[in-house]
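**Student:** Give me coordinates for this.
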Amino acid sequence: MLRLINGLVGFGLILGLAGCSPAVVKPTLEKVVPVSGTVTYQGKPVESFQVSFIPTDGRRAAVGITDASGKFTLGTNDVADGAPPGKHKVSIAFAPTSTDDSASASPVDDPKLLPKPKLAVPSKYANPATSGLEQEVPAGGLTDLKIELK
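**Tutor:** Just a heads-up that it's a prediction; the model follows:
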């Protein structure tokens, strides 16, 4: 009888512990709307720059990378899915892309060896606090936004 009681207690502990595993926490998905546009500096498109829209209410930022034409599409929850509606501070910073996609590529430790931007955009634009750039994203989104850096 003692063996049966020990067995039942052990089985109960196993069941109890199985129910105590931590729950998988899924990240909160932001409600987003489409946002895309073009960035130019002194009338010329900027290539390989990260465009960041940082909501002023503390929600998750949206980012995108400009192509050779200066075009970008923002993404928040996933690549190119859009940005949260509302007021944003904006930053635009050079984001060099690697030409070596192999797994054996070594990281570059010397900043002098990193790729340089085709256009020397003032560094103030890389920081949302100093860029002077703000953008309201309406509930319907923005699909032809023009950002002209001076």
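
**Student:** So what's the residue count around G37?
**Tutor:** Neighbour count for G37, taken as other Cβ atoms under 10 Å: 19. Any C-beta I mention is one placed from the backbone N, CA and C, and that applies to glycine too.

**Student:** how far away is it from I54?
**Tutor:** 16 Å (Cβ to Cβ, to the nearest Å).

**Student:** Could you do P117 as well?
**Tutor:** Applying Cβ to Cβ, the value for P117 to I54 is 21 Å.

**Student:** who has more neighbours, those two?
**Tutor:** A count of neighbours by other Cβ under 10 Å puts I54 above the other of P117 and I54, at 20 against 15.

**Student:** May I see the buried residues of the helix or strand containing the more buried one?
**Tutor:** Using DSSP states H and E, I54 sits within strand 49-55. Within strand 49-55, the residues scored as buried using 16 or more other Cβ atoms under 10 Å are 49, 51-55.

**Student:** repeat for stretch 140-150
**Tutor:** Here stretch 140-150 shows 141-142, 145, 147, 149 as buried, counting by 16+ other Cβ under 10 Å.
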